[in-house]
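structure here, sequence nowhere to be found:
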C-alpha cells in the first residue's frame, strides 16, 4: 500500500500543471479591473478632458470632475464637466457625461442650458479614444 502511495503522489502532483504553460492573460480584454472601473474608459476620459483643469478624480468610483473651463475664443462662457464610469466593461452605456454651462452677463456668471449635442460629442470622443486604446493594446 505504501508503495502504491509513493507512485501515486508524483503523478498527482504532475497533473497540477507543473510542466504546462499557463494560459496567457488578455491585456486587451474589454474588462480591465485593476482600478475599479474599465481602464480604457478611465484613460480615454482623462485624455479627452486633458485640456480642462481637474478638481476631482476617483479611479475606484469612476468619477472625474473638472473645474470651470473658459474657452479663450469665447471668454463670456464657461463649462464644467463630470464623467462617471458606471461599469467595469468597455461598453457605451458604461459611461455618463454631464456638463454645466454658464455665461457672463454684466459681470455675473449665470446658468445657461447645455446643448445635448455637446454632451453626446464628449461621450463619443471618450468612447472612440477608449476603443483606440484597446485596439493598440491588442496590436501591441
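Noted; the coordinates are in hand. Bear in mind the structure is a predicted one, so any value in this text is a computation, not a measurement.

does residue 114 count as helix, strand or coil?
For residue 114, the assignment made with DSSP: H, G, I helix; E, B strand; the rest coil gives coil.

got the phi/psi numbers for it?
Main-chain torsions, residue 114, degrees, to the nearest 10: phi -100, psi 130.

one more: the one 10 residues further on?
Phi and psi for residue 124, reported as degrees, to the nearest 10, are phi -60, psi -40.

helices of this structure, start to end?
Ranges of helices within the chain are 2-14, 39-48, 116-139, based on DSSP state H.

and of those helices, who's closest to residue 71?
Proximity to residue 71, assessed across the helices of the chain by CB to CB, is greatest for helix 116-139 (11.8 Å). For the C-beta atoms, the positions are set from N, CA and C on the backbone; glycine is no exception.

just for the protein, where's the confidence low?
Counting by pLDDT under 70, the chain contains low-confidence ranges at 1-34.

in it, which strand is the longest?
What stands out as the longest strand in the chain, according to DSSP state E, is strand 95-105.

packing partners for that one?
The helices and strands touching strand 95-105, judged by 3 or more CB pairs under 8 Å, 6 or more residues apart in numbering; DSSP states H and E, are strand 77-85, strand 108-112, helix 116-139.

now, of the helices of the chain, which is deepest in the fold?
Comparing these by mean neighbour count (mean count of other CB atoms under 10 Å), helix 39-48 comes out on top with a mean of 23.
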